[in-house]
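Asks: My questions concern the predicted model and sequence given below.
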Amino acid sequence: IVHIAALNKDRKIDDYQRIYNKIAEKIREEDEYDGYIGYGPILVRLGWHSSGTYDKTNNSGGSYGGTYRFKLESSDPSNNGLQNAAKFLDPIYKEFNWISHGDLYTLGAVCAVQEAQGPKIPWRPGRVDLPETETPANGRLPDANNGADYVRNFYARLRMNDREAVALTGAHCLGRTHYKNSGFDGPWGAASNSFTNEFFVNLLNEQWKLEKNKSGNYQYDSPKGYMMLKTDYALIQDPSYLKIVKEFANDEASFFKEFASSFQKLLENGIDYPKGAPQYIFKTLDEQDI
Ligand code: HEM
Ligand SMILES: Cc1nc2ccc(F)cn2c1N
């Protein structure tokens, strides 16, 4: 399968910055969502899940076709709860319906990371809405009840190495698990809407206890009320992953650098960009004094 980015000569950076600002202002405005976590974390998750269906073996899935908009994909149990992010973006799509869904979902995730004081994520437009027939089957997104070998194997399908895999999981500094969505619960303490390297610091510094929760899933819980999935905890069980976790816990700048490149790669998996395809780095609201 080949997906070539469609270059749209009529749209320039300020067209996309306008959409970025609309999303950023709406995140700022609707701050009460999910116990005042806000919409940032779930917008990041939507961008990740619409890209995480990619399969390098036949270059299928991924963000290009915007197929999350079809019921087959949005009703994948792995996508439980993401309807809230899609509803958040609906009115913005209505106002700027010249953008493709794939570009909107990924732009929303980039906006959410940057507005949470995370790194700048370079972003390239050109995804094209594909028909429902192109929707990947359910089951391509990862299952949390697994260890390091599964994690390594899963990320290999997305062309991600150990360093990229650890960096990407660092997005679990944001938001929280929701029992009704995934059968995991917590953290009950302050779930964050700021993008930092805390995920790695907590992994190394907290005492973790493997517990069976009321839905029969296993998760790691800490005395402070934090939680980690088995796939999170795997990052300190495996020697190669552990080395990288320590680096990111001790050097937030190096985490930010690796996250920025890995997240862009994740959001662009499967897309061929022609020579000269424009790449944008959006200003945050703060940088525009908005
Ligand atoms: C092995 C890989 C991964 C697994 C098994 C996994 C699993 C999960 C689960 C079970 C939840 C809770 C969903 C809910 O109950 O609402 C969650 C939330 C989240 N995930 Fe992951 N995840 C993985 C990788 C990633 C990656 C690569 C990113 C982004 C780069 C990411 C970003 C998020 C965010 C931001 C949330 C919080 C969403 C919210 O607060 O509503 N995750 N993840
Ligand atoms: C703070 C926080 N956010 C998340 C998101 C997903 C997950 F699995 C765990 N998380 C934790 N501990």
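Replies: Structure's in. What do you need? What you see is a predicted model; the values in this text were computed from it and never measured. Ligands and ions are numbered 1, 2, ... in the order given.
Asks: contacts, neighbours, all on C-alpha from now
Replies: Fine.
Asks: my read: Ala277 touches Ile4, true?
Replies: No. Assessed by Cα atoms under 8 Å, Ala277 is found out of contact with Ile4, at 10.7 Å.
Asks: Where does His49 fall, secondary structure wise?
Replies: If you go by DSSP states H and E, His49 is part of helix 40-51.
Asks: export the next helix-or-strand element following that helix as PDB, just CAs?
Replies: With elements assigned by DSSP H and E, the helix or strand that comes after helix 40-51 is helix 71-74. The C-alpha trace of helix 71-74 is given here as PDB (Å, rounded to 0.1, in the frame of the first residue of the first chain):
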ATOM      1  CA  LYS A  71     -17.700   3.000  13.400                       C
ATOM      2  CA  LEU A  72     -15.600  -0.100  12.700                       C
ATOM      3  CA  GLU A  73     -12.500   1.600  14.100                       C
ATOM      4  CA  SER A  74     -14.000   3.900  16.700                       C
END
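Asks: follow-up on the earlier one: so is the helix holding His49 next to ligand 1?
Replies: Yes. For helix 40-51 and ligand 1, the contact criterion (Cα under 6 Å from any ligand atom) is met by 41-42, 44-45, 48.
Asks: Mind picking the one among these that's closest to Leu174?
Replies: Nearest to Leu174, judged by Cα to Cα, of those is Pro41 at 5.5 Å.
Asks: which ones are touching that closest one?
Replies: By Cα atoms under 8 Å, 6 or more residues apart in numbering, the residues touching Pro41 are 112, 174-175, 193.
Asks: which of those residues are close to ligand 1?
Replies: Answer for the contacts of Pro41 near ligand 1 (Cα under 6 Å from any ligand atom): 174-175.
Asks: now, which of the contacts of Pro41 lie within strands?
Replies: Residues from these lying in strands, with DSSP state E as the criterion: none.
Asks: top of the contacts of Pro41 by neighbour count?
Replies: Ranked by neighbour count (other Cα atoms under 10 Å), the contacts of Pro41 have Ala112 at the top, with 28 neighbours.
Asks: so what's it up against?
Replies: Ala112 neighbours (Cα under 8 Å, 6+ apart): 24, 27, 40-41, 43-44.
Asks: With Ile99 instead?
Replies: Tyr93.
Asks: oh, and call the first residue 20 from now on, that's how I've got it
Replies: All set: I'll call the first residue 20, so the last point we hit is now Ile118.
Asks: List phi and psi for it.
Replies: For Ile118, the backbone dihedrals (degrees, to the nearest 10) come out as phi -90, psi 150.
Asks: So Ile263 versus Ser273, what's the distance?
Replies: 10 Å (Cα to Cα, to the nearest Å).
Asks: Look at these two and report which has more neighbours.
Replies: Using other Cα under 10 Å, the more surrounded residue of Ile263 and Ser273 is Ile263, with 21 against 14.
Asks: which SSE is that one in?
Replies: helix 258-269.
Asks: by contact count, what packs against that helix?
Replies: helix 181-188, helix 217-224, helix 249-256, helix 271-287 (3 or more Cα pairs under 8 Å, 6 or more residues apart in numbering; DSSP states H and E).
Asks: got the CA coordinates for the longest one in CSV?
Replies: Listed in CSV are the C-alpha atoms of helix 271-287, where the atom choice follows Å, rounded to 0.1, in the frame of the first residue of the first chain:
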residue,chain,number,x,y,z
GLU,A,271,14.1,15.8,30.8
ALA,A,272,15.6,17.6,27.8
SER,A,273,16.8,14.3,26.4
PHE,A,274,13.3,12.8,26.9
PHE,A,275,11.7,15.8,25.2
LYS,A,276,14.1,15.5,22.2
GLU,A,277,13.4,11.8,21.7
PHE,A,278,9.6,12.2,22.3
ALA,A,279,9.4,14.9,19.7
SER,A,280,11.0,12.8,17.0
SER,A,281,9.3,9.6,17.9
PHE,A,282,5.9,11.1,18.2
GLN,A,283,6.2,12.8,14.7
LYS,A,284,7.4,9.4,13.3
LEU,A,285,4.4,7.7,14.9
LEU,A,286,1.9,10.2,13.5
GLU,A,287,3.5,10.0,10.0
